[in-house]
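Student: sharing a sequence plus its predicted fold:
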Amino acid sequence: LMPELMTPKQKVDSLRQLLERMKPEMALALPKHMTADRMARIALTSCLRTPKLLECDPASFAGSVLMAAQIGLEPDGREAHLVPFRNTKRNVVEVQLIPDYKGFLKLARNSGQIKMVDFREVREGDKFEYKYGTGAFLTHTPSPAPAHEKKGKEWTERAITHCYAIATLTSGESVFEVMAWPDIEWHRDRYSRAAGEGPWITNQAEMGAKTCVRKLYKKLPSANAPMRLAVVLDEKAEQGIP
């Protein structure tokens, strides 16, 4: 049957069979601590959670699942996302793998050379200072005032002024990246095809932090191949590059 003529159950069964055929290839790509059975189960659950994925080009779906296996991230909506996008040139719905900031942190921990990665937003009223170069330092003391306040029926929040990401290497050295909020907005408006919707609206602080984390990883000499690949995937997805 053509995909457009299949019932939802037939589409699920078709993807289940596709994932079953992919298991040997997934097993070769996956890190030792992950199994092909689990990856296939998570990928199928993602389709049930996002029914639009059932409409996607099977080759595109398979490629994204294999890419997740190669990087070592589970496409469970926490570490990474399988996101459907319409390819207007081909007139088909394709899948893109988009790493989550939690996935970036997992890859950092798994690298063996990074002891810790932290990221935060800085809001108006916080005490925040930093310096690059010789004598570099970063200090952040959040204001005791709540970030959110209800005025009548409306919620307001103290504005975000900066976001930063900081990595502590196993050598004890710390590396950090700071971005002022206007620079994050510039990056969003220039590079993101979803600047006016989705997480850029509902989770601004997390998206700002992820922008810093991604920029930080490019500076880390200890970044491994999965980390570098995750950064490239995330940038391509944000810019709408297949």
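Tutor: Perfect, I can see it now.
Student: what about the strands in this protein?
Tutor: Taking DSSP state E, the strands of the chain run over residues 80-87, 92-99, 114-123, 127-131, 137-141, 148-151, 154-157, 160-169, 174-180.
Student: turn those strands into a markdown table, columns for mean pLDDT, distance to Ala225 and mean neighbour count.
Tutor: C-betas here are computed from N, CA, C, even on glycine. What follows is these, written out as a markdown table (pLDDT from 0 to 100; distance: least, CB to CB, whole Å; neighbours: other CB atoms under 10 Å):
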| stretch | mean pLDDT | distance to Ala225 | mean neighbour count |
| --- | --- | --- | --- |
| strand 80-87 | 86 | 16 | 20 |
| strand 92-99 | 87 | 14 | 22 |
| strand 114-123 | 88 | 14 | 20 |
| strand 127-131 | 97 | 30 | 13 |
| strand 137-141 | 96 | 28 | 12 |
| strand 148-151 | 86 | 40 | 9 |
| strand 154-157 | 88 | 39 | 10 |
| strand 160-169 | 92 | 17 | 21 |
| strand 174-180 | 93 | 19 | 18 |
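Student: which one of those lies closest to Met67?
Tutor: Closest to Met67 of the strands of the chain, according to CB to CB: strand 92-99, at 5.0 Å.
Student: hmm, Pro8 and Pro51 touching each other?
Tutor: Yes - counting by CB atoms under 8 Å, Pro51 touches Pro8, with 7.1 Å between them.
Student: list the helices and strands the helix or strand of the chain with the lowest mean pLDDT packs on?
Tutor: Least confident element among the helices and strands of the chain, by mean pLDDT, DSSP states H and E: helix 199-202 (a mean of 72). Secondary-structure packing of helix 199-202 (3 or more CB pairs under 8 Å, 6 or more residues apart in numbering; DSSP states H and E): helix 204-219.
Student: do you know how far the residue positioned nearest the centre of the chain is from Cys163?
Tutor: The centroid of the chain falls nearest to Asp100 when counting by CA atoms, centre = their mean (2.1 Å). The gap separating Asp100 from Cys163 is 16 Å, by CB to CB, to the nearest Å.
Student: neighbours of Met39, how many?
Tutor: Using other CB atoms under 10 Å, Met39 has 25 other residues around it.
Student: who's in contact with it?
Tutor: Met26, Leu30, Val65, Ala68, Ala69, Glu74 (CB atoms under 8 Å, 6 or more residues apart in numbering).
Student: cool, and Gly125?
Tutor: Ser143, Ala145, Arg158.
Student: drop anything exposed from these.
Tutor: Buried by 16 or more other CB atoms under 10 Å: Arg158, out of these.
Student: now the contacts of Gly125 as CSV including distance to Arg109?
Tutor: Below are the contacts of Gly125 laid out as CSV (distance: CB to CB, whole Å):
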residue, distance to Arg109
Ser143, 30
Ala145, 33
Arg158, 31
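Student: I'd like the contacts of Gly125 as JSON lines, with distance to Val231 and pLDDT appended.
Tutor: Below are these laid out as JSON lines (distance: CB to CB, whole Å; pLDDT from 0 to 100):
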{"residue": "Ser143", "distance to Val231": "32", "pLDDT": "96"}
{"residue": "Ala145", "distance to Val231": "35", "pLDDT": "91"}
{"residue": "Arg158", "distance to Val231": "30", "pLDDT": "92"}
